[in-house]
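Q: Fold the following for me, if possible:
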Amino acid sequence: MITYKTTKTIQDHDLRPLYETVGWLSYTQALADLATLLTNSQLVISAWDNEQLVGLIRTVGDGISIQYVQDILILPTYQNQGIGSQLLQKVLEASKNIRQLVLITDGSDENKAAIAFYQKHGLQMFDEKPQICGLWRVI
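A: Residues are numbered from 1 along each chain as shown. Prediction:
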């Protein structure tokens, strides 16, 4: 049975396998302690199968006007079981009074399933809203 927790206190030894298994190596190679990612996050919700971290979503923002979904990760062996949907729904509910919720993701063909997942949950592509423009910088 999957349990969900709202806590920023998750140890590196729990986080690292999750980030590495989904291939987010830019996080794991840049930080000696992934727990620092959670410290200044606005909201962190994690999914656990007993003592194993199997999913996580975290947001950053001011809590009033804007909230960014920074990370949403599910261990591959736990994907397609509704865990990602539960995590995203919990964030959407918690942020229902925040003016803007933003999620930026890779637009490649390999990521079409993820984009469809986000759209299924009511998120819209920027180009569907001509009054919104997404800009970014990578260093």
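
Q: Specify which residues of the protein, grouped into ranges, have pLDDT under the cut-off.
A: Residues of the chain meeting the criterion pLDDT under 70: 128-131, 135-139.

Q: This protein: helices as residue ranges?
A: In the chain, the helices defined using DSSP state H lie at 12-21, 25-30, 36-39, 83-94, 112-120.

Q: now stretch 93-106, how far from the chain's geometric center?
A: Taking CA atoms, centre = their mean, to the nearest Å, one finds stretch 93-106 lying 11 Å from the centre of the chain it belongs to.

Q: Identify all contacting residues around it.
A: 43, 59, 61, 63-69, 91-92, 111, 114-115, 118, 123, 134, 136 (CB atoms under 8 Å, 6 or more residues apart in numbering). The C-beta positions use only the backbone N, C-alpha and C, and glycine is treated the same way.

Q: Just the terminal-to-terminal distance for that stretch.
A: By CA to CA, to the nearest Å, the extent of stretch 93-106 from end to end equals 24 Å.

Q: Next: stretch 106-120.
A: Separation of the first and last residues of stretch 106-120 by CA to CA is 17 Å.
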